[in-house]
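Engineer: could you work out the structure for the sequence below:
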Amino acid sequence: MNESSPYLKDDHRLADVIAAIQAMGTYKYYKLDFAAWADRIGGSTTQSTHWKMVFEEHPEFFRLDSSRQKASLVWRRQHQKLFNVDTEEKISKEEYAGLTDHGKTRISRSPLSSNELATLVKTAIDLHSRALDRKRDSRWWVAGAFGLAGVILGALIKAWAG
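Structural biologist: Sure thing, here's the model as predicted:
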């Protein structure tokens, strides 16, 4: 990561990423459109453009569907679609195969466990910290450069005046 890291874009980016991880990791449906996620995460569908940008700029956590109209959490996409959103229980593959097309719309991927969520949040915090460290480390030369410029300017003034 460099200074253009998405974690350094604004003061609230880390908080937004963590909020999205929590909402997307625990909501009964694993994939929604941007307006629905904006409502779920921030309480307003008017922020859908903001959330789309967050999802696009953090592919380490989020993915868009092939039509680029819906977003999901990468880790949750690895769970099989065997979670009944009405009963909040897993079903068997055989039960899934026996469902009608309408019945299959009530099946999602299992929510993440608290340990899985904690891992993702910790990863986001670590990535943010590393981006801040790199930004600070990239400026180590500034103090030395200004000091050297001051010495040169002082020598030039002395030579000109003297």
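
Engineer: residue ranges of the helices in this protein, please?
Structural biologist: 13-26, 34-42, 48-57, 74-77, 93-97, 101-104, 114-137, 140-161 (DSSP state H).

Engineer: which one, of those, ends up nearest to Arg68?
Structural biologist: Nearest to Arg68 among these is helix 48-57 (8.7 Å), distances taken as Cβ to Cβ. Every residue, glycine included, has its C-beta placed from N, CA and C.

Engineer: point out the other helices and strands that the closest one packs with.
Structural biologist: Contact here means 3 or more Cβ pairs under 8 Å, 6 or more residues apart in numbering; DSSP states H and E; on that basis helix 48-57 packs against helix 13-26, helix 34-42, strand 62-64, strand 70-73.

Engineer: lowest-confidence helix or strand of this protein?
Structural biologist: helix 140-161 (a mean of 71; mean pLDDT, DSSP states H and E).

Engineer: so Arg76 sits right up against Leu120, yeah?
Structural biologist: No - at 9.8 Å, Arg76 does not count as touching Leu120 under the criterion of Cβ atoms under 8 Å.
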